[in-house]
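S.K.: Sequence below, structure please.
(one chain, ligands or ions: 1)
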Amino acid sequence: MKYKRMSRIIIPSNIILVVLLFSCSVAKKNTGPLSLKEAYKNSFMIGTAVNAVQIEEKEPNAAKIIPQEFNALTPENSMKCEIIHPYWDTYHFELADKLIAYGNKNNIPIMGHTLIWHSQLSQFVKNIKNADSLKLFFENHISTIAARYDGKIYSWDVVNEALNEDGSMRNSTFLEKLGPDYVIEAFKIAQKAAPKTELYYNDYNIEQPKKRAGAIALIKKIQAAGVRIDGVGIQGHWKVNNVPFKEIEESIIAFSKLGIKVMFTELDLTVLPNPWEVNTADVNMKAENNAYFNPYPKELPDSVQQMFSKDYTELFKLFQKHHKEVFRVTLWGLNDQQSWLNNWPIYGRTNYPLLFDRDFKPKNAYFKVIDIATQKK
Ligand code: XIL
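M.R.: Okay, the predicted model is just below:
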């Protein structure tokens, strides 16, 4: 009797389970597979860097994938000094304006990159000899661009790469002529011109202890001056099989203690040999090409592909573990073909650093990254 009663209960609940599973699978089919931005919507923003072709939607694959996968866009080059402000009195806003329109159309916020940087400076700035003229450029440049896009973009990398590897201030025309407080000054001008825009400091290798300490000191100095800084961007140009996981985790914790947002702003993982011992993302450093430095011109061997997937998986596990502190993760480009790492630090190599391959197909690492998001936090 007892057995019979139980079986009556068990059978319907099994049926319910089957019905439930069936309806879930139907629901899943209806909504389609998760995208990166959907998978991480409760954790952090997922961004990509966009180039001119993509902003102008001249590449149909990119035009389809970008709005589907990402909810933050950084201009790869179009807001840099040499493009947006080529001569003293001339600004070329066309491409940046198109980016704003593209963001509006697709409802994706724009992360401005970058106001003050020693690289990709216009020639006229490099030619400035005296401090007064440089100061005038500095004020005009920041206030003109920041004011134009205030309320239209989400954030600015106000200063990019102001530090050396040992944490000291990098020698540049800004440091030389304006002194070490130029960084505070840049944030002050940006704050005034763009009250509705978040303001960030951005750099590579600032997960490394010495450079991190320099970045923390710099951020504290800005804060102590009563100037607004909303976040820090760790670029994240790392190397497969050599990702500094421990330092990355320490940095998330240390930077978030400053009360600011922590972001990974230019993530990619090179699979190619480094011509130098140091890990750098200094765009001015160049080396000669030869076969040794370009080992995979046709395709990436499975063994490397696996390391690549594993590193991306571990990285996103870490980001996910710290989703309360990590505000955004931006990949530096959409697919392998577009990546700057095909031409830097050596011109004309074949690199494989991103989540989409040369045919715009999501790689194994892409699916692993999505899986991480759906695992329990
Ligand atoms: C790179 C772009 O991807 C290239 O197209 C350009 O030729 C050089 O700059 N750190 C930064 C980015 O802050 O702006 C750089 O972007 C990569 C390193």
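
S.K.: where along this structure do the helices fall?
M.R.: 2-31, 36-39, 52-55, 60-69, 81-84, 94-106, 123-127, 131-149, 173-178, 182-193, 209-224, 245-256, 302-321, 364-374 (DSSP state H).

S.K.: pLDDT score assigned to the closest residue to the ligand within the stretch 201-350 of the chain?
M.R.: Nearest residue of the stretch 201-350 of the chain to the ligand (C-beta to the nearest ligand atom) works out as Trp340 at 3.3 Å. Any C-beta I mention is one placed from the backbone N, CA and C, and that applies to glycine too. Predicted confidence (pLDDT) for Trp340: 98.

S.K.: Check the one 5 residues further on too.
M.R.: Turning to Pro345, the model gives it a pLDDT of 96.

S.K.: In contact with it, which residues?
M.R.: Contacts for Pro345 were tallied using C-beta atoms under 8 Å, 6 or more residues apart in numbering; they are 275-276, 280, 285-287.

S.K.: can you tell me which of those residues lies nearest to Glu185?
M.R.: Set against Glu185, the nearest of the contacts of Pro345 by C-beta to C-beta is Thr280 (26.7 Å).

S.K.: what about that closest one, neighbour count?
M.R.: Neighbours of Thr280 under the rule other C-beta atoms under 10 Å: 15.

S.K.: How much space separates it from Thr265?
M.R.: Computed as C-beta to C-beta, to the nearest Å, the Thr280 to Thr265 distance reads 16 Å.

S.K.: re the thing from before, looking at the helices of the chain, which is buried most?
M.R.: Comparing the helices of the chain by mean neighbour count (mean count of other C-beta atoms under 10 Å), helix 182-193 ranks first with a mean of 22.

S.K.: got the angle for that one vs helix 209-224?
M.R.: 50 degrees (axes from the mean of the first three to the mean of the last three C-alpha atoms, to 10 degrees).

S.K.: And the contacts of stretch 354-365?
M.R.: 36, 61-62, 65, 268, 305, 308-309, 312-313, 331-339, 366, 369.

S.K.: could you redo the last one with a cut-off of 7 Å?
M.R.: Stretch 354-365 is touched from outside by 61, 65, 268, 305, 308-309, 312, 331, 333-337, 339, 366, 369, with contacts defined as C-beta atoms under 7 Å, 6 or more residues apart in numbering.

S.K.: still on that earlier bit, kindly reformat the contacts of Pro345 as JSON lines containing pLDDT and distance to the ligand.
M.R.: Below are the contacts of Pro345 laid out as JSON lines (pLDDT from 0 to 100; distance: C-beta to the nearest ligand atom, whole Å):
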{"residue": "Pro275", "pLDDT": "90", "distance to the ligand": "16"}
{"residue": "Trp276", "pLDDT": "87", "distance to the ligand": "15"}
{"residue": "Thr280", "pLDDT": "90", "distance to the ligand": "10"}
{"residue": "Met285", "pLDDT": "89", "distance to the ligand": "11"}
{"residue": "Lys286", "pLDDT": "89", "distance to the ligand": "11"}
{"residue": "Ala287", "pLDDT": "90", "distance to the ligand": "15"}
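
S.K.: quick check, nearest of these to Ala224?
M.R.: The closest of those to Ala224 turns out to be Thr280 (C-beta to C-beta; 29.7 Å).

S.K.: Compare the mean pLDDT across the helices of the chain and name the weakest.
M.R.: helix 2-31 (a mean of 45).

S.K.: OK, contacts around Gln191?
M.R.: By C-beta under 7 Å, 6+ apart, the contact set of Gln191 is 199, 227-228.

S.K.: which residues sit in contact with Tyr154?
M.R.: Residues near Tyr154 by C-beta under 7 Å, 6+ apart: 109-111, 198.

S.K.: For those, which single residue is the most surrounded?
M.R.: In these, the most neighbours by other C-beta under 10 Å go to Met111, 30 neighbours.

S.K.: Check the burial of the closest residue to it other than its chain neighbours by counting its neighbours.
M.R.: Closest residue to Met111 apart from its sequence neighbours, by C-beta to C-beta, 6 or more residues apart in numbering: Thr74 at 4.5 Å. Residues lying near Thr74 (other C-beta under 10 Å) number 28.

S.K.: what does Val243 give?
M.R.: So Val243, with other C-beta under 10 Å, has 20 neighbours.

S.K.: same check, this time on Gly226
M.R.: Gly226 has 9 neighbouring residues, counting by other C-beta under 10 Å.
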